[in-house]
Every structure is written in structure tokens, then in C-alpha cells.
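[1] What follows is a predicted structure for the sequence shown.
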Amino acid sequence: MNTRAAVAELPERNDQDDSLCQATEERVASIRSYWDAHPLGLQYVSDPEVPVGTPEFFAHIQPWMNPYKFPWIMERIEAESARLKGKSLLEIGCGMGYDSLEFIRRGVRVTAVDLSPRAVEFCGQHFQVVGADAEEIRVDNALSLSFPDESFDAVWSNGVLHASGDTQKAIDEVFRVLKPGGRAIISHFYRKPSWMYLLKHAGRANIEYDDEDPPVNEFYTEAEIEAMFHKFQIVETYREHYRALPVARSGFKAFLYRFLFRPAYNLLPVPLAKRFAYKYSVVAVKPATG
Ligand SMILES: C[S@@+](CC[C@H](N)C(=O)[O-])C[C@H]1O[C@@H](n2cnc3c(N)ncnc32)[C@H](O)[C@@H]1O
């Protein structure tokens, strides 16, 4: 077992940080405290008797985590792992580490980072209880990664960069730490127009998370997302979550969503529903010439 979870502090700031302005620093601090208080996964515990951090706990919530809940994520991990066997992959925003774990199981050398010390702690516990070896697990900020240029063969990030505090800066950091020819597999940007964008802006109540929503979750058009990858060569894009999903919130708006909007929207034929997909994913390559 050589997994090393450096939970304590953010790493030494490097030159990249110098350009983070005060407003961004404050945004990042609020993002960190939100995710420390709401680690993704805890909301899926349906049996309070299951002790947090144990093998039973990680098995209990597993069906709700992305690769198991959304088969296309597992297929993407399988396809990318076949390319990356024996090579290095950085996961940014690893949360409890389910995506990283599936890469490790397929022979990829994984470094997993997250802004939230609590997420890093969970990820370390998770790998320990299942006996998975990461290269490293550590606290790090997507906007100022502590790795040298050209460190990794691939970067994976799912549901993170649009919520990181500065999406363009995070994508630029992915570019910097990738080796020439390296792959960026960045899933689940929030897309507009989309059914979720419409719901977020119909009235003030949110419906997505079970209590408070994250402080930052930017929505972008597909053109805006692709423009942020201007240094890369985009090889594939996908529209995902084109069916309206179950939501955790209670209240009037969530009630209308559950019993009116969702059943009606989900009757739309797939080609039409895809026009309002809520997530957008991008696979892009750093040109070999740099
Ligand atoms: C929606 S959760 C996704 C977690 C994981 N990728 C998954 O799919 O289970 C977002 C994660 O991104 C992390 N995050 C947010 N901003 C970040 C940043 N600037 N740098 C690194 N991680 C960040 C959060 O701490 C949180 O764990």
C-alpha cells in the first residue's frame, strides 16, 4: 500500500497562484468550505447505522456514484484505461475517489487531488479499505495545480471545472500539466440552454442538491465551452443528462418538478430532448508540438 494522503494543508503556492485575484481567492475559499461540509456521496447514505468511512459505507453509497449510476461514465473510463494502461493520469476534484479507483483497477497510475481536505481524507480511506494503490492523493487547487508542466499523460475531471471558481483558468492548468499529446477528459460541464438551466431560473428556489447548492456552478453554451479549449485539439464532445433526473430537494418547486415537469419532459423524443441536455463533456488532446 503506497497511497499517501497529504490531508493537512494546501501545497506551497507556485507562480501560477500569483495571478489569482482576491475575488477568486475568496470564491475558492467558499467553494472549499462548501465541499468540506457537503462531501459528494454523504447524501446517499440511506441507513444511518452504516459507519462512515468503513468498507460497508463505501459499498453502500457506490451505486449512487457516477461510474455506477451513469453507464456512459464507466464506458469512458474503460475506453480511456485501455489507452492509458501503465501511464499517468491526474484526477482533479476526485471527491471520494470512485472514478480514480476504476482507473487504478484497470492498471492506470493515478494521482488524485481535490480542493477539499475532507474529500481527500475520504478518498484515502476509500483506497485503503479496498486496497487500491494511487501514486498520490493530495489537497490541491485546480486553478493553481502544484505539479510541474508536462507531468501527466492524461487528466480526468468529472463535474468539477465549471464549479472550481474560474473555469478558463482550470482548463489552462489542465493544458499546462499535460504532456504534449496528452488527453484531457473533462466531463459534465453545466450546459445552457438546458432543462436544468431553465429550472434554476424559474423562481428562486433551487432543486438540485438536497439542502444548500454549491457556491459556484457556472452554465455555459457549447460554443463557450469549446472556446475555452482553444489551445487543445477537441477530439470528441457529448451531450449528457438529456432526460430529467430525480432530484433530492423537497418543497413546492421540487414537487412541481417531480410530478409535472419531469414526467412531461421525459416524453420528448430523444433527438429533441438532447437539444436541452444538461451536461456537456469534452475529450481534447494537447497538440504534440505544445
Ligand atoms: C460535484 S463534486 C464531484 C466529485 C467527483 N468528481 C465525483 O464525480 O464524485 C465536485 C468536487 O470538486 C472539488 N473542487 C471544487 N473546486 C475545486 C478546485 N478549485 N480544485 C480542486 N477541486 C475542486 C470539490 O471539492 C468536490 O469534491
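    Perfect, thanks for sending it.
[2] which bits of the stretch 101-250 of the chain sit near the ligand?
    Selection of the stretch 101-250 of the chain residues close to the ligand by CB under 6 Å from any ligand atom yields 114-116, 119, 141-143, 158-160, 163-165. (Glycine included, C-beta is placed from N, CA and C.)
[3] Now the element after whichever strand in the chain runs longest, going C-ward?
    Across the chain, the strand with the greatest residue count (assigned by DSSP state E) is strand 178-191. Next in sequence after strand 178-191, counting helices and strands by DSSP states H and E, comes helix 195-200.
[4] can I have that next one written out in PDB, keeping just the CAs?
    Taking Å, rounded to 0.1, in the frame of the first residue of the first chain, the C-alpha atoms of helix 195-200 are listed here in PDB:
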ATOM      1  CA  TRP A 195     -33.700  21.800 -18.800                       C
ATOM      2  CA  MET A 196     -31.700  22.400 -15.600                       C
ATOM      3  CA  TYR A 197     -30.800  25.900 -16.600                       C
ATOM      4  CA  LEU A 198     -34.500  26.600 -17.200                       C
ATOM      5  CA  LEU A 199     -35.400  25.200 -13.800                       C
ATOM      6  CA  LYS A 200     -32.700  27.100 -12.000                       C
END
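[5] From the rest of the structure, what touches the helix or strand following it?
    Later in the chain than helix 195-200, the nearest helix or strand by DSSP H and E is strand 219-220. The contact list for strand 219-220, computed with CB atoms under 8 Å, 6 or more residues apart in numbering, reads 162, 167, 189-192, 194, 197, 200, 228, 280.
[6] Try it again at 6 Å.
    With contact meaning CB atoms under 6 Å, 6 or more residues apart in numbering, strand 219-220 is reached by 190, 192, 197.
[7] quick one: contacts for the second one?
    Residue 192 is in contact with 219, 221, counting by CB under 6 Å, 6+ apart.
[8] likewise the last one?
    Under the criterion of CB under 6 Å, 6+ apart, the neighbours of residue 197 are residue 219.
[9] Distance of it relative to the ligand?
    Remark: distance between residue 197 and the ligand (CB to the nearest ligand atom, to the nearest Å) = 17 Å.
[10] Equivalent analysis for the first one, please.
    As for residue 190, its distance to the ligand is 11 Å (criterion: CB to the nearest ligand atom).
[11] if I read this right, that residue contacts residue 160, doesn't it?
    No: assessed by CB atoms under 6 Å, residue 190 is found out of contact with residue 160, at 11.2 Å.
[12] Can you verify my assumption that residue 195 contacts residue 275?
    No: in this structure, residue 195 is not within contact of residue 275 by CB under 6 Å, at 9.9 Å.
[13] Helices - which of the residues of the stretch 101-250 of the chain next to the ligand land there?
    Counting by DSSP state H, those place residue 119 in helices.
[14] Pick out whichever of the residues of the stretch 101-250 of the chain next to the ligand sits closest to residue 96.
    residue 119 (6.8 Å; CB to CB).
[15] picking that back up, what about residue 195 and residue 275, which has more around it?
    Each of residue 195 and residue 275 has its neighbours counted (other CB atoms under 10 Å); residue 195 has more, 24 against 12.
[16] which residues touch the more buried one?
    244, 265, 276, 278 are the contacts of residue 195 under CB under 6 Å, 6+ apart.
[17] Name the nearest residue to the second one, sequence neighbours excluded.
    The reference is to residue 265. residue 244 (4.7 Å; CB to CB, 6 or more residues apart in numbering).
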